[in-house]
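> Model the following, please.
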Amino acid sequence: MQKDLKIVLGGICLILAVHFSKAEPKQLECWHCSSETVGAEDFCGVSFDEDSIPDPEVRKEHNINVLRNCSSTTNSEHERAVCRKTVEEINGKTVTKRFCYYTNKSDSMDRCMEEPTEKNVVRTFCQDCQTDHCNGVGKQLATWLSQLLPLFLANYMRF
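Residues are numbered from 1 along each chain as shown. So this is what the prediction gives:
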């Protein structure tokens, strides 16, 4: 009896695994804003302040859509969606933008700074990442925190 139960449970697990492996992949969700948009300048600067995002009525009034699902429009097997953050000097004004972008899967994630800009634009920072909301926090902060966490845990575990 117990052997039959194991076989049935194993079969159910196999069916579920096949079913979920065919499910649509979750779409990447990115911050979407520009520091030059009226109403977004307080939260979408070089540093991102989620606590300063205006309430839904103000966002609607200024047509601010803060989060976007990045879905590929070409459904190409050669592209990937990324969240991108850029800081650019445009005609002498610093503008920070966060948005969905699509790169070739074969491209390095660090290729962002190498891409050409318009002639009146100087890109001072560009970062691509592939986790939800990752274009809000700078890579430096995430790297710094990831380096400190093991040290903190090592000290905590000793006591």
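
> Helix or strand for R84, just tell me which one.
Using DSSP states H and E, R84 maps to strand 79-90.

> Output the below-cut-off pLDDT ranges for the chain.
Filtered on pLDDT under 70, the chain yields the residue ranges 1-26, 72-76, 137-159.

> all strands of it, in order?
Secondary structure of the chain (DSSP state E): strands located at 28-31, 33-34, 67-70, 79-90, 93-104, 121-129.

> For the first one, give me every contacting residue.
For strand 28-31, contacts defined as C-beta atoms under 8 Å, 6 or more residues apart in numbering pick out 44, 48, 66-70, 81-84, 98-100, 130-136. C-beta coordinates here come from the backbone N, C-alpha and C atoms, glycine included.

> Given it, what are its sheet partners and their directions?
Neighbouring strands of strand 28-31 in its sheet, by DSSP bridges, are strand 67-70 (antiparallel).

> Show me what the strand it pairs with is in contact with.
Contacts of strand 67-70 with the rest of the structure, by C-beta under 8 Å, 6+ apart, involve 27-32, 81-83, 99-102, 133.

> Run through the residues that contact E89.
Counting by C-beta under 8 Å, 6+ apart, E89 makes contact with V95, V121, V122, T124.

> Cool, thanks, talk later.
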